[in-house]
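A.B. asks: What follows is a predicted structure for the sequence shown.
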Amino acid sequence: MHILTGIDAQVTESTSRLEKSVSLRQIHVFISHAWSHSTHYETLASWIFDEPWSIGQASLKFRNFSVPRSDPIHNAHSDRELKKRIYNQLSRAHVVVIPTGMYATYSKWIGKEIKGAQFYSKPILAVKPLGQERASSVVGANASKSVGWSKRTVVEGIWTLYRDA
């Protein structure tokens, strides 16, 4: 179990009391990705969904609301269907995570994901992949928070955006 302590001091007294009375927080996460650049997605998904996390007295359970590999959106027959499928996933997420790789700047659907996150008032966490020299200005300009490439900063970023929403 990974215990997040760095942000404990930032938790307000009322939130702290609530955490003690609630033992499990279920957080729905949408990770933006293109299957042609799936290594970033796979790393983020394993960090977020494959390991147990807790903060204070609360256990965090992250649920994956990303577009599944078994039903990829690039098979959509029109832009309207593409938008509908993306928005369906986004509407159920609490936080949207987007790697800031340069492919994000040119991706048709990442633009739709950003617009969908804004439409549903979902916070966006920008994650800069390790060794990435350049980052997508489109993602950075629309992010609620930006973090570096480590499992702890990613999970703390998701928690902070969820908690503050």
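C.D. replies: Everything's here; your move.

A.B. asks: can you pull the contacts of the residue most central in space within the chain?
C.D. replies: Geometric centre of the chain, nearest residue: Val97, 2.6 Å, by CA atoms, centre = their mean. By CB atoms under 8 Å, 6 or more residues apart in numbering, the contact set of Val97 is Val29, Phe30, Ile31, Ser32, Leu44, Ile48, Ile124, Leu125, Val127, Val154, Ile158. Every residue, glycine included, has its C-beta placed from N, CA and C.

A.B. asks: roughly how far out does the host helix or strand of it sit from the chain middle?
C.D. replies: Taking DSSP states H and E as the definition, Val97 sits inside strand 95-99. Its chain's C-alpha centre and that of strand 95-99 lie 3 Å apart, by CA atoms, centre = their mean, to the nearest Å.

A.B. asks: again with stretch 108-115
C.D. replies: On the basis of CA atoms, centre = their mean, stretch 108-115 sits 14 Å off its chain's mean C-alpha point.

A.B. asks: Alpha carbons of that stretch, in CSV - could you do that?
C.D. replies: Output of stretch 108-115 as CSV, limited to C-alpha atoms (Å, rounded to 0.1, in the frame of the first residue of the first chain):
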residue,chain,number,x,y,z
LYS,A,108,-8.1,15.2,-33.2
TRP,A,109,-9.6,13.3,-30.3
ILE,A,110,-7.4,14.8,-27.5
GLY,A,111,-8.8,18.2,-28.5
LYS,A,112,-12.3,16.7,-28.1
GLU,A,113,-11.3,15.3,-24.8
ILE,A,114,-10.1,18.7,-23.5
LYS,A,115,-13.4,20.3,-24.8
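
A.B. asks: what does it contact?
C.D. replies: Stretch 108-115 has contacts (CB under 8 Å, 6+ apart) with 30, 32, 34, 73-74, 79, 82-83, 86-87, 90, 96, 98, 104, 124, 138-139, 142.

A.B. asks: So which bits of stretch 135-147 are buried?
C.D. replies: Ala135, Ser136, Val138, Val139, Gly140, Asn142, Ala143, Ser144, Lys145, Ser146, Val147 (16 or more other CB atoms under 10 Å).

A.B. asks: residue contacts, the residue nearest to Leu130 when sequence neighbours are not counted?
C.D. replies: In this structure, Leu130 finds its nearest non-sequential neighbour in Trp149, 3.9 Å apart by CB to CB, 6 or more residues apart in numbering. Applying CB under 8 Å, 6+ apart to Trp149 gives the contacts Val127, Lys128, Pro129, Leu130, Gln132.
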